[in-house]
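> would you be able to build a 3D model of this:
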Amino acid sequence: WLAVLVSLLAFGTRVYHLGSQSLWADEAKSVVVSSWPLLSIIAEQASHEHPPLHYLFLHTLMPLAGRSEFAVRYVSLFLGVLLVPLLYVVGKTLAGERVGVLAALVAALSPFYVRFAQEGRMYSLAFFLSLLSTYFFLQIVLAGERSRPAGRGWSLGWVLATAAALYSHYFTLFIVVAQMVYILVSWLRRRAPLKPWLWRALGLGLLFLPWALLMVRGLLSVDPALRTGAVAAAPNAPLSGGILATLLQGRAGMVSLPVILRQSLISFGPSDFAGLEATPWLALGFVLVAVAGLWRAPRPAWRWKLWLILVFCLPLILGFLLGFPANRPFWIKYFGVASPAFYLLVALGLAVLLSGRYRWIAGAVLIAGMIGLSALSLHHYYREAGYGRYDIRPHIECLEAAALPDDALLINPWTHFPTFWYYYR
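Sure thing, here's the model as predicted:
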């Protein structure tokens, strides 16, 4: 019942003010692209930075639910709510009921998750599907460690969930890499069966192969001058200064790996909406709680604790090395696939603190502090203009009132065209 109550809490925090803020440029682009025919959507996304699954969902649902801000964002809300009980199940599978409930509670109150459950983009979908892939992965591996072969349903579930994750966001690949690292290490140390995973990987590769071919074709069809400019502007890849220098300092105009780590801890922990000078120190508090769980929690086994650290760190490192658009608004969203591992580590620490001699005092202080911090952050996000999305609607209403039939309207920058198309009547 606690898991049900926490899931209802998650729904409440995510549905509140769902349609009150105006769509921003990327959300409006989702509506524009999703309004096209299926083949046009696929052709468009084959040469852009995101796979097509979210657009295909919206393409299917918009004729039924409409194109209002509420309707466009409801897919993200639905998946953002489902992520909470799924995190409960993963936490319970790894470390027991208490860790599952605490992980779900932290996720339900997370302003980071609320923000992307209220955005009509693919991030909530990617977070959910990558965690679903992890759930099936755990079921398969734990069955093998108990000397019981995993059923075909678990294998099929892993292949389908992982393929869907890859069709939602390319950074979900880093979770698959972390899974394969665990399998490879298990094979090297304990000679765990490797052949079944080769078959599963083959099935995954066959499902993703059509899109991979379309993606290569789409990239080759982009104008070479535009492709060169994009490479110069977006990736955060190493330059001639050496990998170590790039890791610590970043490249010109980009961010360093320590900055990515710091921002991840702030966004996943106290959040970007707290508005407190002590926010970095609060993020450190989340880290210390996680360390307590790593050091003192009896479950899970150390190999799984280390794997959770890997699942958190690997997307940050590989995303930095392979390149990500650090010039995009709220760029930490690209690393959100690492957030479930972070919340599981924090839940391990909370479970340890709640099992000590003064557990009721510690529990009351920690839970009250977490709820208070989340309430402050969410109040800022819901109500304060500086924390939410920029509201373009009054400006477009002004244009509508002043425009004459023969007027020409110039939209600058052009990236605001989807928003203009959505609101201008």
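> how close does Ser35 get to Glu44?
Counting by CB to CB, to the nearest Å, the gap from Ser35 to Glu44 is 11 Å. For every residue, glycine as well, the C-beta is placed using N, CA and C.
> to clarify, my last question referred to Val365.
Distance, Val365 to Glu44, using CB to CB: 51 Å.
> which pLDDT does the model give the closest residue in space to Tyr170 that isn't next to it in sequence?
Residue nearest to Tyr170 in three dimensions, not counting chain neighbours: Pro51, with 6.7 Å by CB to CB, 6 or more residues apart in numbering. Pro51 carries a pLDDT score of 92 in this model.
> how about Arg227?
Per-residue confidence (pLDDT) for Arg227: 44.
> ok, now Ile243?
In this model, Ile243 carries a pLDDT of 42.
> so Leu213 is in which element?
helix 195-221 (DSSP states H and E).
> actually Val185, not the one I typed
helix 173-190.
> which other residues reach that helix?
Residues outside helix 173-190 that contact it (CB atoms under 8 Å, 6 or more residues apart in numbering) are 130, 133-134, 137, 141, 162, 165-166, 192-194, 197, 201, 204, 303, 307, 310-311, 314-315, 318-319, 337-338.
> try stretch 367-382
If you take CB under 8 Å, 6+ apart as the criterion, stretch 367-382 is touched by 13, 16-17, 20, 105-106, 109-111, 114-115, 270-271, 273-276, 282, 386-388.
> still on that earlier bit, among the contacts of helix 173-190, which ones are in strands?
Among these, no member is found in strands (DSSP state E).
> narrow the residues you listed to just the buried residues.
Buried by 16 or more other CB atoms under 10 Å: 130, 133-134, 137, 141, 162, 165-166, 192, 197, 204, 307, 310-311, 314-315, 318-319, 337-338, out of these.
> okay, and which of the contacts of helix 173-190 map to helices?
Those of the contacts of helix 173-190 mapping onto helices are 130, 133-134, 137, 141, 162, 165-166, 197, 201, 204, 303, 307, 310-311, 314-315, 318-319, per DSSP state H.
> related to what we said a few turns ago, who does the helix holding Leu213 touch, helix- and strand-wise?
Here helix 195-221 touches helix 38-46, helix 152-166, helix 173-190, going by 3 or more CB pairs under 8 Å, 6 or more residues apart in numbering; DSSP states H and E.
> any idea which of those helices is most buried?
helix 152-166 (a mean of 20; mean count of other CB atoms under 10 Å).
> what helices or strands is that helix leaning on?
Applying 3+ CB pairs under 8 Å, 6+ apart, one finds that helix 152-166 contacts helix 123-145, helix 173-190, helix 195-221.
> could I get these as CSV with distance to Ala375 and mean pLDDT?
Converted to CSV, those look like this (distance: least, CB to CB, whole Å; pLDDT from 0 to 100):
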stretch, distance to Ala375, mean pLDDT
helix 123-145, 21, 95
helix 173-190, 31, 93
helix 195-221, 41, 89
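> how about those helices, which one is nearest Val99?
Val99 sits nearest to helix 123-145 of all the helices and strands packed on helix 152-166, at 13.3 Å, using CB to CB.
> check which residues of that closest one are buried.
Using 16+ other CB under 10 Å as the test for burial, helix 123-145 gives 123-142, 144.
> that helix to helix 173-190, inter-axis angle?
10 degrees (axes from the mean of the first three to the mean of the last three CA atoms, to 10 degrees).
> for helix 123-145, which helices and strands make contact with it?
helix 53-65, helix 69-95, helix 111-117, helix 152-166, helix 173-190, helix 339-353.
> kindly recompute the last result at 7 Å.
Counting contacts by 3 or more CB pairs under 7 Å, 6 or more residues apart in numbering; DSSP states H and E, helix 123-145 packs against helix 69-95, helix 111-117, helix 152-166, helix 173-190.
> closest to Pro394 out of those?
helix 69-95 (15.0 Å).
> which elements pack onto whichever helix or strand comes after that closest one?
As assigned by DSSP H and E, the chain's next helix or strand after helix 69-95 is helix 97-108. Applying 3+ CB pairs under 7 Å, 6+ apart, one finds that helix 97-108 contacts helix 2-15, helix 69-95, helix 339-353.
> one more time with 8 Å, if that's ok
Under the contact criterion of 3+ CB pairs under 8 Å, 6+ apart, helix 97-108 touches helix 2-15, helix 69-95, helix 339-353, helix 359-383.
> low-confidence stretches in this structure?
Applying pLDDT under 70 to the chain flags the ranges 219-254, 323-329, 356, 358.
> hang on, the earlier thing: and the helices and strands packed on helix 97-108 as TSV, adding distance to Trp421?
Shown next, in TSV, are these (distance: least, CB to CB, whole Å):
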stretch	distance to Trp421
helix 2-15	27
helix 69-95	13
helix 339-353	32
helix 359-383	26
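> out of these, deepest packed?
The stretch of the helices and strands packed on helix 97-108 with the highest mean neighbour count (mean count of other CB under 10 Å) is helix 339-353, at a mean of 26.
> now the angle between helix 123-145 and that helix, please.
Here helix 339-353 runs at an angle of 60 degrees relative to helix 123-145 (the same axes, to 10 degrees).
> so the nearest residue to Val32 once chain neighbours are set aside, which of the three states?
Counting by CB to CB, 6+ apart, Pro418 is the residue found nearest to Val32 once chain neighbours are left out, at 4.7 Å. Pro418 falls in the helix class when you classify it by DSSP: H, G, I helix; E, B strand; the rest coil.
> identify the residues contacting Val75.
Residues near Val75 by CB under 8 Å, 6+ apart: His54, Phe57, Leu58, Leu61, Gly120, Ser124, Leu125.
> could you redo the last one with a cut-off of 7 Å?
Applying CB atoms under 7 Å, 6 or more residues apart in numbering, one finds that Val75 lies in contact with Phe57, Leu58, Leu61.
> separation between it and Tyr123?
Distance of Val75 to Tyr123, given as CB to CB: 11 Å.
> Phe342 too?
Taking CB to CB, one finds Phe342 at 15 Å from Tyr123.
> thanks a lot, see you next time.
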